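Colleague: 3D model of this:
(one chain, ligands or ions: 1)
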Amino acid sequence: MSGVPVDPGPPAELVGDEFSVPCLDGEQRRYVNLDFAASTSALREVAEAVTAFVPCYSSVHRGAGYKSRLSTTAYESARATALRFCGNRAGDDVAILCRNTTEAINQLAYRLSFEPDDVVLTTVVEHHANLLPWGRVARRRYVECGPDGTFSVDDVIAGLDLSPRPALLALTGASNVTGWLPSVRAIVEAAHARGVPVFLDAAQLAPHRPIPPEVDYVAFSGHKMYAPYGTGVLVGPRATFLEGDPFLAGGGAVDLVDLDEVVWTEPPDREEAGSPNVVGAVALEAALHTLTGIGWESIEAHEQALARRLRRGLAAIDGVRLLGPSLETGTLAIGTFVVEGLPHALVAARLSAEFGIGVRHGCFCAHPYLIRLLGLSDPEIQAYRQRVLAGDHSSIPGAVRASCGISSTATDVDALLDAVAFLAEDAAAGRPPPVPYQQDPRTGDFWPLTDRPGWSAHDRDSSLSCARG
Ligand SMILES: Cc1ncc(COP(=O)(O)O)c(C=O)c1O
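Modeller: Next up is the predicted model:
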């Protein structure tokens with residue numbers, strides 16, 4: 001491929017990289033995982049750290065036993081590492097360990113104690129996790145995007161300058177749909193110049209790029225950064241969590257309790273009622289150490305080479321439309337596309353069943369963004385809305401997303417490009433798939449009608465949807 005920089009190769013291995021899966025032709029193939037933006041397998045170092053820790057596991061902050069001491073130390077060490085991972089932050093910040101980015105944002109939205117008339121400025125590019133929690137506690141104002149799915153710093157400034165001044169800017173560090181990287185530093189500078197604090201949704205950014213330390217609040221998820229053990233992080237100024245009720249009330253968050261009284265303890269413990277996920281914290285710390293040890297330079301060099309290969313390769317296939325910014329724009333190694341004449345759910349099903357390639361399809365929990373990227377008209381939107389409201393998901397719009405991570409290879413990307421070219425050619429020639437596929441209207445998913453091992457009717461759990469939005 002011309003113009004593609006030399007890839008230094010994957011900087012790390014993940015548990016399960018060699019996993020193989022059954023395909024419709026009866027062959028077992030190495031699973032080509034191109035679904036990193038959804039969730040990631042564990043780094044080897046993470047799995048090893050968990051295995052080493054499990055024998056010491058005990059309650060944290062709740063026991064005098066030796067194992068409790070070891071567990072408490074491990075848990076607090078993870079917290080300190082998470083804070084350091086967010087950069088050289090000025091001020092008195094705390095890291096709150098929670099389940100994931102969604103929980104972190106809900107927690108922050110609750111804790112910021114907005115008035116109903118306060119405005120949160122956010123963007124149409126966001127994941128639902130960075131849209132819905134703000135709508136519960138404040139009015140939302142949106143920065144629009146262009147047909148390429150991007151907006152400029154000036155677009156954000158225009159939103160910041162409208163009256164009333166936003167109480168918060170809630171922005172993604174990287175789009176989970178297009179991999180686009182907004183100019184976070186310039187945007188934060190503009191927001192701060194106007195006295196507006198910034199929350200950064202770093203769910204997609206954190207595994208691939210350093211977190212800009214200038215942001216006031218930041219959240220990310222361990223399961224997207226090679227620590228899939230159920231821990232995420234919310235970082236923000238201690239002062240935000242000093243007054244008022246915590247998001248969750250319960251044990252571990254208090255200094256004193258009587259039947260009619262509670263005295264909450266200091267943050268971060270005040271924000272972590274209930275027994276915490278210590279194994280998740282250990283896993284997260286191991287992932288953060290491993291990523292830091294590898295260094296962003298190697299991670300970026302590898303992923304940028306893959307991004308170019310993937311996006312250019314997809315754009316070059318006849319009948320394929322790549323969504324998002326121009327090929328010259330630097331993005332994460334994500335390629336989101338539609339194949340002319342093939343429903344997105346069928347493309348994803350065929351990639352899996354015939355080629356052993358794992359991707360995601362649908363709206364990627366970013367309905368407003370997808371509608372814009374696909375350029376749907378109002379009548380088209382109304383038509384599919386009516387069908388979904390009637391319980392029929394068969395025509396829900398969407399696309400297919402291939403996303404790479406730290407252990408992805410050029411071979412993985414080429415396997416996808418070859419398979420997509422094959423499917424696009426099939427569609428253009430009107431050739432049927434090797435076996436018929438049936439769509440479930442309740443989920444919109446397709447399933448091959450075959451008795452091949454792994455793909456028979458018996459193997460199908462029809463209650464599961466693979467594109468829940
Ligand atoms: C940009 C972005 N924000 C937030 C989330 C929510 O993350 P989680 O599901 O870990 O809560 C995701 C998940 O895909 C995401 O991509």
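
Colleague: what is the burial count for E76?
Modeller: A total of 15 residues lie near E76 under the criterion other CB atoms under 10 Å. For the C-beta atoms, the positions are set from N, CA and C on the backbone; glycine is no exception.

Colleague: need the pLDDT of it.
Modeller: Looking at E76, its pLDDT is 97.

Colleague: using the three-state scheme, assign it.
Modeller: Classification of E76 by DSSP: H, G, I helix; E, B strand; the rest coil places it in helix.

Colleague: what about it, distance to P182?
Modeller: Distance of E76 to P182, computed by CB to CB, to the nearest Å: 33 Å.

Colleague: tell me how far stretch 217-226 lies from the chain's centre.
Modeller: Relative to the chain's own centre, stretch 217-226 is displaced by 8 Å; criterion: CA atoms, centre = their mean, to the nearest Å.

Colleague: can you check stretch 86-100 too?
Modeller: Relative to its chain's centre, stretch 86-100 lies at 19 Å (CA atoms, centre = their mean).

Colleague: what does it rub up against?
Modeller: The contact list for stretch 86-100 (CB atoms under 8 Å, 6 or more residues apart in numbering) reads 75, 78-80, 82-83, 104, 107, 203, 210-213, 218, 221-223, 230-239, 241, 267-268, 271-272, 276-277, 280-281, 284.

Colleague: can I get that stretch in PDB, CA atoms only?
Modeller: Provided in PDB are the C-alpha atoms of stretch 86-100 (Å, rounded to 0.1, in the frame of the first residue of the first chain):
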ATOM      1  CA  CYS A  86      -4.300  11.900  34.300                       C
ATOM      2  CA  GLY A  87      -1.200  14.100  34.000                       C
ATOM      3  CA  ASN A  88       0.500  16.600  36.100                       C
ATOM      4  CA  ARG A  89      -2.700  18.100  37.300                       C
ATOM      5  CA  ALA A  90      -2.700  21.400  39.200                       C
ATOM      6  CA  GLY A  91      -4.700  21.600  42.400                       C
ATOM      7  CA  ASP A  92      -6.200  19.200  44.900                       C
ATOM      8  CA  ASP A  93      -7.800  16.500  42.800                       C
ATOM      9  CA  VAL A  94      -9.300  13.200  43.800                       C
ATOM     10  CA  ALA A  95      -9.600  10.000  41.800                       C
ATOM     11  CA  ILE A  96     -12.900   8.200  42.500                       C
ATOM     12  CA  LEU A  97     -13.000   4.600  41.500                       C
ATOM     13  CA  CYS A  98     -16.300   3.500  40.000                       C
ATOM     14  CA  ARG A  99     -17.600   1.000  37.500                       C
ATOM     15  CA  ASN A 100     -17.100   2.800  34.200                       C
END
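
Colleague: buried set for that stretch?
Modeller: Under the neighbour-count criterion of 16 or more other CB atoms under 10 Å, stretch 86-100 has C86, R89, D93, V94, A95, I96, L97, C98, R99, N100 buried.

Colleague: pull the most distant pair out of those.
Modeller: The largest distance within these, taken as CB to CB, falls between R89 and R99 and amounts to 22.6 Å.

Colleague: which ones among the contacts of stretch 86-100 come in contact with the ligand?
Modeller: Restricting the contacts of stretch 86-100 to those within reach of the ligand (CB under 6 Å from any ligand atom) leaves A203, S221, H223.

Colleague: what number of residues lie near P164?
Modeller: 10.

Colleague: from L310, how far out is the residue of the stretch 301-450 of the chain found nearest the ligand?
Modeller: Taking CB to the nearest ligand atom, the ligand has its nearest neighbour within the stretch 301-450 of the chain at C365, 5.9 Å off. Distance of C365 to L310, computed by CB to CB: 21 Å.
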